[in-house]
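1. Pasting the sequence and the predicted coordinates here, then a few questions.
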Amino acid sequence: MFGFHPNHASKRYVIGITGASGSIYGIRLAEVLLSYGYTVHLVISNAGWRVLKEELDWSASGREEMLHAQFGSLPGKYIYHSFSDIGASIASGSFRVEAMIIIPCSMGTLANIAGGISANLMTRAADVMLKEQRKLIIVPRETPLHAIHLENMLKLARMGVSIIPAMPAFYYRPQTLQDAIDFMVGKVLDILGIEHDLFERWGSNDDNI
């Protein structure tokens, strides 16, 4: 059965939310992981807070209050880290986490990671995932893409980074925007190896034939 399990608390995931459009993807992923009882370390860039304000009407001045209102009632534990706190736990390779997911990921953040530039906690935490050979998932949200964007993605993919573009599917006939959001979050959970029922899988009815 999918969902909460008390043993999940020992597993930590890092979620980064950048200034790319689609902040709801990161918020929804955090909600699902926390509802399952996992521990989530959250990093949001300054531009990410701006997008949260524009897309979800979040207050950029009351950040802790907004996070508590969104996640405080869920069974898992969330830890919010300041974007500039380069000395946070997740900036060290000795601090063990299962994976880091940057969702959505701006092209600027992606370029910095591909170039090994650790100018803030987000890119430093991603660099730690690479050097420690841990799972790093990037959900880029940009269109159109030019050659530099594509070359940066290819460089990271060759290093083992999972690239999951924000491209919802339509074969399962989503009825709402939430359905499309859950599809993308579900694809991330698939790569993480976490069971879920956020969308209907292709061929899921074949067993009944």
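-> In hand now; what should we look at?
2. what's next to the top helix by length along the chain, contact-wise?
-> Secondary structure assigned by DSSP state H gives helix 177-192 as the longest helix of the chain. Contacts made with helix 177-192 from outside it, assessed by CB atoms under 8 Å, 6 or more residues apart in numbering, are listed as 13, 24-25, 28-29, 32, 98-99, 101, 103, 135, 137, 139, 162, 164, 166-169, 172, 174, 195-196, 198-199. Yep, even glycine has a C-beta here, placed from its N, CA and C like the rest.
3. And stretch 61-73, by the same measure?
-> Contact with stretch 61-73 is made by 27, 30-31, 34, 40, 42, 44, 49, 52, 58-59, 78, 80, as judged by CB under 8 Å, 6+ apart.
4. what's the burial count for residue 35?
-> Residue 35 has 16 neighbours, counted by other CB atoms under 10 Å.
5. Repeat that for residue 16.
-> Counted with other CB under 10 Å, the burial measure for residue 16 works out to 30 neighbours.
6. buried residues in the one helix or strand it maps to?
-> Using DSSP states H and E, the element containing residue 16 is strand 12-17. For strand 12-17, the neighbour count (16 or more other CB atoms under 10 Å) marks 12-17 as buried.
7. Buried among the contacts of helix 177-192? Make that a ChimeraX selection.
-> Entered in ChimeraX, the line below selects the buried ones among the contacts of helix 177-192, by 16+ other CB under 10 Å:
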select :13,24,25,28,29,32,98,99,101,103,135,137,139,162,164,166,174,196,198,199
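8. Show me the contacts of helix 177-192 that map onto helices.
-> Using DSSP H, these in helices are 24-25, 28-29, 32.
9. Just the closest of those to residue 126, please.
-> residue 29 (15.9 Å; CB to CB).
10. OK, contacts around that closest one?
-> Contacts of residue 29 were listed using CB under 8 Å, 6+ apart, and they are 15, 101, 103, 185, 188-189.
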